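Enquirer: just need the structure, nothing else, for what follows:
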Amino acid sequence: MSKLRLFSTKGGVTEVVPRLADEEAEVQALVEGAMEVMLGVRFLASEYSTGPVHGGRIDSLGLDENGSPVIIEYKRATDPGVLSQGLFYMAWLVDHRQEFHALVRERLGSAAGAQVMWKAPRLICVAGDYTRYDLHAVREHRRSIDLVRYRLYGKGLIALETVASVAAQPKAALRIRRRNADGAVSRPNSAGAMGELAAAVDEVLLGLGADVTKVERKQYDAYQRLRNFACVTSRQDKLLVYLKATPEAIDLVPGFTRDVRGLGHHGTGDLEVQLRSERDVERAVELFRLSYAAA
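Expert: Model prediction:
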């Protein structure tokens, strides 16, 4: 359990005690009503029927920022069946890709339908809490899974906390890098200066937290917690990193940082950071941390 304590300072100081929802449907309605803001997932359907043979209903279906299909399952409190139930629906989803494509085209348009990526469909569980067996089991599966704990505070406040997050594909090679005989950390082989620079950025972004996962798309690499916080794309002479940071809150430096709101680019994020050397990476670390915290 999180040890965060929340206090109201209006008319004195009083503690706002967290609580669970009275019903599972209350949590589902809150998340579905602001799914893109809370989870970085575009809402597709609620209580989606898996048909008479399979005989189930998926709580929520969505599409994340990188085009990955997302199943979201909710539990009011602690329920040891939430993970197995979600994986049961995930197996159905992977076997019914055309049906999902049709749903995306119907709700979000043909362009979104063409961008669906099946490399790493995701399961997000939102519950009051999880057992230690859930936390162990999630790391044994080969699916992309996020376990999210919720709490309600007072009227109109909900907190979401990621307690476990795993990616379907292995972490980048830098996460399991070896040390040379002299103790220096070795990086995987890469082609040229841009390859070395990309390896340095990868190491920094993955090292921001144990909950960071990497999604590789053709046009960019996304680094995410529940939501993307950095998208990296390569140019001939530089790397471009797009961050979830508010440009007006940053002292923009020409040739280094740029406000790209309203400008087309690969990935997500309103702040562009241009990297041409490892010194630029060092300059950008604090911006990376700000974006990580915002996600």
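
Enquirer: can you tell me the SS state at Ile58?
Expert: strand (DSSP: H, G, I helix; E, B strand; the rest coil).

Enquirer: okay, now Gly195: neighbour count?
Expert: Neighbourhood size, Gly195 [other C-beta atoms under 10 Å]: 14. All C-beta atoms are positioned from the backbone trio N, CA, C, and that covers glycine.

Enquirer: for the one 4 residues further on, same thing?
Expert: As a burial measure, Ala199 scores 19 neighbours (other C-beta under 10 Å).

Enquirer: elements contacting the helix or strand containing it?
Expert: Element membership of Ala199, judged by DSSP states H and E, is helix 192-206. Secondary-structure packing of helix 192-206 (3 or more C-beta pairs under 8 Å, 6 or more residues apart in numbering; DSSP states H and E): strand 213-216, strand 221-224, strand 228-234, strand 239-243, helix 278-294.

Enquirer: Asp270: which of the ones you listed is closest?
Expert: strand 239-243 (7.7 Å; C-beta to C-beta).

Enquirer: so the closest one versus helix 278-294, what angle?
Expert: Using axes from the mean of the first three to the mean of the last three C-alpha atoms, to 10 degrees, the inter-axis angle of strand 239-243 relative to helix 278-294 is 20 degrees.

Enquirer: strand 239-243 pairs with which strands, parallel or anti?
Expert: strand 228-234 (antiparallel), strand 271-275 (antiparallel) (DSSP bridges).

Enquirer: distance from the chain centre to the longest one, please.
Expert: So that's strand 228-234. 12 Å (C-alpha atoms, centre = their mean, to the nearest Å).

Enquirer: what's the weakest-modelled helix or strand in this structure?
Expert: The weakest-scoring helix or strand in the chain, judged by mean pLDDT, DSSP states H and E, is helix 51-54 (a mean of 82).

Enquirer: buried sites along that one?
Expert: Across helix 51-54, burial judged by 16 or more other C-beta atoms under 10 Å covers no residue at all.

Enquirer: which residues does the nearest residue to Ala137 once chain neighbours are set aside contact?
Expert: Distances taken as C-beta to C-beta, 6 or more residues apart in numbering place Leu83 nearest to Ala137, at 5.9 Å, with adjacent residues excluded. Contacts for Leu83 (C-beta atoms under 8 Å, 6 or more residues apart in numbering) come out as 125, 134, 137-138, 145, 147.

Enquirer: buried stuff in stretch 9-26?
Expert: Going by neighbour count (16+ other C-beta under 10 Å), the buried part of stretch 9-26 is 18, 20-21, 24.

Enquirer: nearest to Glu278, of the residues you listed?
Expert: Taking C-beta to C-beta as the measure, Pro18 is the one of these closest to Glu278, at 43.3 Å.

Enquirer: quick check: the closest one touching Leu6?
Expert: Yes. With contact defined as C-beta atoms under 8 Å, Pro18 reaches Leu6; the gap is 7.4 Å.

Enquirer: which neighbours do these two have in common?
Expert: Tyr153.

Enquirer: can you tell me the SS state at Gly11?
Expert: Once three-state DSSP is applied, Gly11 turns out coil.

Enquirer: where does pLDDT dip in the protein?
Expert: Scanning the chain for pLDDT under 70 picks out the ranges 1-2, 169-191.

Enquirer: now the helices: where do they sit in it?
Expert: All helices of the chain, identified by DSSP state H, fall at 24-33, 35-39, 51-54, 82-95, 97-108, 110-114, 132-137, 192-206, 278-294.

Enquirer: closest to Lys218 out of these?
Expert: So among the helices of the chain, helix 110-114 is nearest, using C-beta to C-beta, at 12.5 Å.
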